[in-house]
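Asks: Please find the sequence and the predicted model below.
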Amino acid sequence: VRRFLMSQMQLLKMALDPRDIVYTPDWVACDMVSFFKPSGVILEPCAGDGVFLKYLPSAQWCEIEKGVDFFAWHKPVNWLFGNPPYNNLKEWFTHSFSIAENIVYLLPVTKIFNSYYQMMGVYQYGGISHIRVYGAGSKLGWQMGFAIGAIHLQKNYTGSIEVSFYQHAPNTACSGLAPAGASDSQISSGASR
């Protein structure tokens, strides 16, 4: 097994790339926590401004800009939950797979499928159980047009991939954690391995 190690300064330089810092809207964080319902030991590996921690108050966290390095975290967790930096996803996922049973990351959906290495890593870890699509990046206030989704990866998962679409008005204040609404569309790929 190849281990990837980076120095604190290398990670700090990567995290400070302004093109790689996109903050999660409150309504998305609230919906993600409500929809996936993480429990047990939860780690927010890139806490940023703390939007997920608002809805996961017992979660532990890392944030390179606050001197807490995700790549230095080696304790097993039940859930990794957040919005990772996109410029080093290969290494980010490799480390995530080594410590977590469940991973939910908010990403441009194409990022999980854009390389053979990435797809093989997901396959060896387990699989994608669900993709919760929020819309194009512009709907989230991001400067990108790619579809953005919360991707739930599970260790040793071999079932089909379910896809749901968030269909409520964005940018509305979250009034707490409510179950996923009846108007959410769900489809199943029907494919399994």
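Replies: Yes, it's here. Note that the coordinates shown come from a computational prediction; the quantities given were computed from them, not determined experimentally. Residues are numbered from 1 along each chain as shown.
Asks: residues of the strand ranked longest in the chain that come out buried?
Replies: Taking DSSP state E as the criterion, the chain has its longest strand at strand 126-136. Within strand 126-136, the residues scored as buried using 16 or more other C-beta atoms under 10 Å are 126-134. No exception for glycine: its C-beta is placed from N, CA and C like everyone else's.
Asks: Equivalent analysis for stretch 23-43, please.
Replies: For stretch 23-43, by 16+ other C-beta under 10 Å, it's 24-36, 38, 41-43.
Asks: quick one: it to chain centroid distance?
Replies: Its chain's average C-alpha position is 9 Å from that of stretch 23-43, according to C-alpha atoms, centre = their mean, to the nearest Å.
Asks: Could you name the helices and strands sitting against the longest strand of the chain?
Replies: Packing partners of strand 126-136 (3 or more C-beta pairs under 8 Å, 6 or more residues apart in numbering; DSSP states H and E): helix 26-36, strand 147-155, strand 162-165.
Asks: repeat that with 6 Å
Replies: strand 147-155, strand 162-165 (3 or more C-beta pairs under 6 Å, 6 or more residues apart in numbering; DSSP states H and E).
Asks: distance between it and the chain's centre?
Replies: Using C-alpha atoms, centre = their mean, the offset of strand 126-136 from its chain centre is 9 Å.
Asks: returning to that earlier point: let me have the helices and strands packed on strand 126-136 in JSON lines, extended by distance to residue 115, mean pLDDT and mean neighbour count.
Replies: Below are those laid out as JSON lines (distance: least, C-beta to C-beta, whole Å; pLDDT from 0 to 100; neighbours: other C-beta atoms under 10 Å):
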{"stretch": "strand 147-155", "distance to residue 115": "15", "mean pLDDT": "96", "mean neighbour count": "22"}
{"stretch": "strand 162-165", "distance to residue 115": "21", "mean pLDDT": "96", "mean neighbour count": "17"}
